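[1] sequence and predicted structure, then a few things I'm wondering about:
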Amino acid sequence: MAYFLETLFGGLMGGMLYALVGLGFVLIFKASGVFNFAQGAMVLVAALSMARFSVWIPQWLGFENLLLANILAFIVSAGVMVLFAILVERLVLRHLVNQEGTTLLMATLGISYFLDGLGQIIFGSSVYSINVGMPKDPAFILDSVFEGGILISLEDLTAAVISAVLVALLAFFFQYTATGRALRAVADDHQAAQSIGIPLNRIWVIVWVVAGIVALVAGIIWGSKFGVQFTLSTAALRALPVVILGGLTSVPGAIIGGLIIGVGEKLSEAYIGPFIGGGIEIWFAYVLALVFLLFRPQGLFGEKIIDRV
């Protein structure tokens, strides 16, 4: 039982990180109808910005305080993502209003490759580390209930708590603020939202900013755990099955989908992997997503895309 709970907790904590990246896809799709293939590159650039500015700023200003360096680097990196959102709206989305979905999809692919190249030019192609003080040592819990206790990763637990807090803040933002209600109105019907005075271009900037901040938090967590390297953009795309499972139009679906995939990967690797040679974590999410595409393409909580057109 203790081993099962260890695996379950590990899956839930990993699933929250998947859910966080998946939220970026959902937010942009809901507000603009764009499936954003650049989300993985956004995570990479945000993480690179955080890693490099946390080193550069102390050198420029002549101090050694790690906390202050991380705070300033986070502010600058958030500013980078805001600038990126503005440029995407001004240079890309504004010129592609009412275009075919395929055109918008190809535009996000172009943005993704552009960000990968720009990241190497500005920040270099080395592997960088992010040190935000997340605990690295594991800990034992419930040792009074189970012999030897249950081993959990404090780093994964911290990452899961941060992800859960951000998800809760986003849910509050969308549900109870005027801007959030405007975003939901745009998601339901672009033309109707424009007819009542909601500025579509500004809404697109806001939702790309929010997705950028989500990418920044995910990039910091991922970079703190594994280091920041250019495979991060590909790793972040492992959240694609999350949105397929939960539904492209559902914020709760991204959360539930992330948890299901996180738990499913860990349990299948632990209990089925030994019988087939392991490696299930690599492909489990994609196989599950394929099953849903065949039998329920809109996902658990999403609406049929054909109904939105």
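    Structure's in. What do you need? Residues are numbered from 1 along each chain as shown.

[2] need the helices for the stretch 201-309 of the chain, in chain order.
    Taking DSSP state H, counting those that start in this stretch to define them, one finds helices in the stretch 201-309 of the chain at 232-236, 240-246, 251-271, 273-276, 280-295, 305-308.

[3] can you lay out these as TSV showing mean neighbour count?
    In short, each C-beta sits where N, CA and C put it, glycine included. Output for the helices of the stretch 201-309 of the chain, formatted as TSV (neighbours: other CB atoms under 10 Å):
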stretch	mean neighbour count
helix 232-236	20
helix 240-246	27
helix 251-271	22
helix 273-276	10
helix 280-295	15
helix 305-308	12
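
[4] including distance to Y3 and mean pLDDT, could those go into JSON lines?
    Shown next, in JSON lines, are those (distance: least, CB to CB, whole Å; pLDDT from 0 to 100):
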{"stretch": "helix 232-236", "distance to Y3": "27", "mean pLDDT": "71"}
{"stretch": "helix 240-246", "distance to Y3": "26", "mean pLDDT": "86"}
{"stretch": "helix 251-271", "distance to Y3": "7", "mean pLDDT": "87"}
{"stretch": "helix 273-276", "distance to Y3": "13", "mean pLDDT": "81"}
{"stretch": "helix 280-295", "distance to Y3": "17", "mean pLDDT": "85"}
{"stretch": "helix 305-308", "distance to Y3": "41", "mean pLDDT": "44"}
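
[5] between the ones you listed, which one is closest to Q99.
    Nearest of the helices of the stretch 201-309 of the chain to Q99, taken as CB to CB: helix 305-308 at 15.5 Å.

[6] so which of the helices of the stretch 201-309 of the chain is nearest L200?
    helix 305-308 (15.7 Å).

[7] what is the helix or strand hosting V55 packed up against?
    Element membership of V55, judged by DSSP states H and E, is helix 39-61. Secondary-structure packing of helix 39-61 (3 or more CB pairs under 8 Å, 6 or more residues apart in numbering; DSSP states H and E): helix 2-32, helix 66-91, helix 101-123, helix 200-226, helix 232-236.

[8] in it, what's buried?
    For helix 39-61, burial by neighbour count (16 or more other CB atoms under 10 Å) applies to 39-54, 57-58.

[9] circling back to that earlier point, do you know which of the helices of the stretch 201-309 of the chain lies nearest A218?
    Of all these, helix 232-236 sits nearest to A218, with 7.0 Å by CB to CB.

[10] may I see the buried residues of stretch 1-16?
    Of the residues in stretch 1-16, 2, 5-16 count as buried by neighbour count, 16+ other CB under 10 Å.

[11] please read the previous query as pertaining to stretch 111-130.
    Residues of stretch 111-130 classed as buried: 111-112, 115-116, 119, 123, 128, 130 (neighbour count, 16+ other CB under 10 Å).

[12] contact partners for A78?
    Counting by CB atoms under 8 Å, 6 or more residues apart in numbering, A78 makes contact with 212-213, 216.

[13] how about W204?
    31-32, 89, 93.

[14] next one: it from R90, what distance?
    10 Å (CB to CB, to the nearest Å).

[15] pLDDT below threshold where in the stretch 51-200 of the chain?
    Across the stretch 51-200 of the chain, the ranges flagged by pLDDT under 70 are 97-98, 101, 145-146, 148, 187-191, 193-194.

[16] one more pass at 80, please.
    For the stretch 51-200 of the chain, the stretches with pLDDT under 80 are 93-94, 96-102, 125, 136-151, 171, 174-175, 179-200.

[17] distance to V21 for the buried residues of stretch 111-130 - can I get that in TSV?
    Putting the buried residues of stretch 111-130 into TSV (distance: CB to CB, whole Å) gives the following:
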residue	distance to V21
I111	17
S112	14
L115	15
D116	17
G119	17
F123	20
Y128	19
I130	16
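
[18] tell me which of the residues you listed is nearest to A182?
    Looking across the buried residues of stretch 111-130 and measuring by CB to CB, the closest to A182 is I111, at 24.2 Å.
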